[in-house]
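*Asks:* Dropping the sequence and predicted coords here.
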Amino acid sequence: MRILVIEDEKKVASFIKKGLEEQSYVVETAFNGLDGERLALKNDYDAIILDVLLPKQDGIATCQKIRMKQIDTPILMLTAMGETEDKVRGLDSGADDYLTKPFHFEELLARVRALLRRKSQDKSAVLQAGELVLDPVTRKVERDGRQIRLTSREFALLEYFLRNKGQILSRANLAQHVWNVSFDMDSNVIDVYVKLLRQKIDKGFDTPLIRTMVGAGYVLSDEDSDD
Ligand code: CA
């Protein structure tokens, strides 16, 4: 999952980035409202964390401009303590939720997970495909009650597949959301990782969850296919 953090306090931005990266998210940062807006319009993010007080263009105006371009990426706004007006204006400008500074990182994480659920329209806390279950909180993966150990990148890849169940995902799409943007598109790293993931989640089971769509990419689906 790819997240944009728009926050001018570099310490806070790097604290959030580091924490989210430890959870296998791909994170990009912008240090002012205009740069943030530009990135939000240019790239496809799964969630945006947006500070209210920003140089060049504040968080409220940035949020409004992103929404005016019909971009419906979930936005979590960071507001100053006690500024009720900021919260109201933030939500009115199109943010989905807000978090008051200072915050505990665990709370930020829980809110990000809630926003990602909202986006995938899947309200349950765990992600599921057939008998495969991924818990984003405990980071445990099981299929048919059997625990599966994944590396951090394999976990990120599986989470992204599950949040986009049934959709064909191109290599470019996977590169953007699971790896960072500087990823070399000519490399076969994605194919290698998908293969590793399949060995762990599909090997030994009757129904493969991940399938190759020739010329298009990959799809994870728990619906029976004819091939
Ligand atoms: Ca700020």
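*Replies:* Arrived safely, thanks for sending.

*Asks:* Leu20 contacts Val27, correct?
*Replies:* Yes - when contacts are counted by CB atoms under 8 Å, Leu20 is listed as touching Val27 (4.9 Å). The way it works is simple: take the backbone N, C-alpha and C, and place the C-beta from them, glycine included.

*Asks:* Now the common contact residues for these two.
*Replies:* Contact criterion CB atoms under 8 Å, 6 or more residues apart in numbering; residues shared by Leu20 and Val27: 3, 5.

*Asks:* near the ion, which residues of this structure?
*Replies:* Residues of the chain lying near the ion by CB under 5 Å from the ion: 8, 51, 53.

*Asks:* Quick one: residues contacting the last one.
*Replies:* So that's Leu53. Counting by CB under 8 Å, 6+ apart, Leu53 makes contact with 8, 59, 80.

*Asks:* did I read that right, it in a helix?
*Replies:* No - counting by DSSP: H, G, I helix; E, B strand; the rest coil, Leu53 falls outside a helix, being coil.

*Asks:* Of the contacts of Leu53, which belong to helices?
*Replies:* Those of the contacts of Leu53 mapping onto helices are Gly59, per DSSP state H.

*Asks:* neighbour-wise, which of the contacts of Leu53 leads?
*Replies:* Neighbour tally across the contacts of Leu53 (other CB atoms under 10 Å): the maximum, 27 neighbours, falls on Gly59.

*Asks:* and the gap between that residue and Asp191?
*Replies:* Gly59 sits 39 Å away from Asp191, taking CB to CB, to the nearest Å as the criterion.

*Asks:* just to revisit the earlier point, where is pLDDT lowest across the contacts of Leu53?
*Replies:* Lowest pLDDT within these is found at Ala80 (81).

*Asks:* Do I have it right that that one meets Asp86?
*Replies:* Yes - in this structure, Ala80 is within contact of Asp86 by CB under 8 Å, at 6.3 Å.

*Asks:* Give me the buried positions along the lengthiest helix in the chain.
*Replies:* Taking DSSP H as the criterion, the chain has its longest helix at helix 105-120. For helix 105-120, the neighbour count (16 or more other CB atoms under 10 Å) marks 108-109, 111-117, 119 as buried.

*Asks:* who does the lowest-mean-pLDDT helix or strand in the chain touch, helix- and strand-wise?
*Replies:* Lowest by mean pLDDT, DSSP states H and E among the helices and strands of the chain is helix 84-92, with a mean of 82. When contacts are defined as 3 or more CB pairs under 8 Å, 6 or more residues apart in numbering; DSSP states H and E, helix 84-92 packs onto helix 59-68, strand 75-79, strand 97-100.

*Asks:* just the helices in this structure please.
*Replies:* Assigned by DSSP H, the chain shows helices spanning 10-22, 33-42, 59-68, 84-92, 105-120, 152-163, 171-178, 189-201.

*Asks:* Same list, these, but as TSV with distance to Gly215 please.
*Replies:* Below are the helices of the chain laid out as TSV (distance: least, CB to CB, whole Å):
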stretch	distance to Gly215
helix 10-22	32
helix 33-42	26
helix 59-68	33
helix 84-92	43
helix 105-120	26
helix 152-163	19
helix 171-178	11
helix 189-201	13
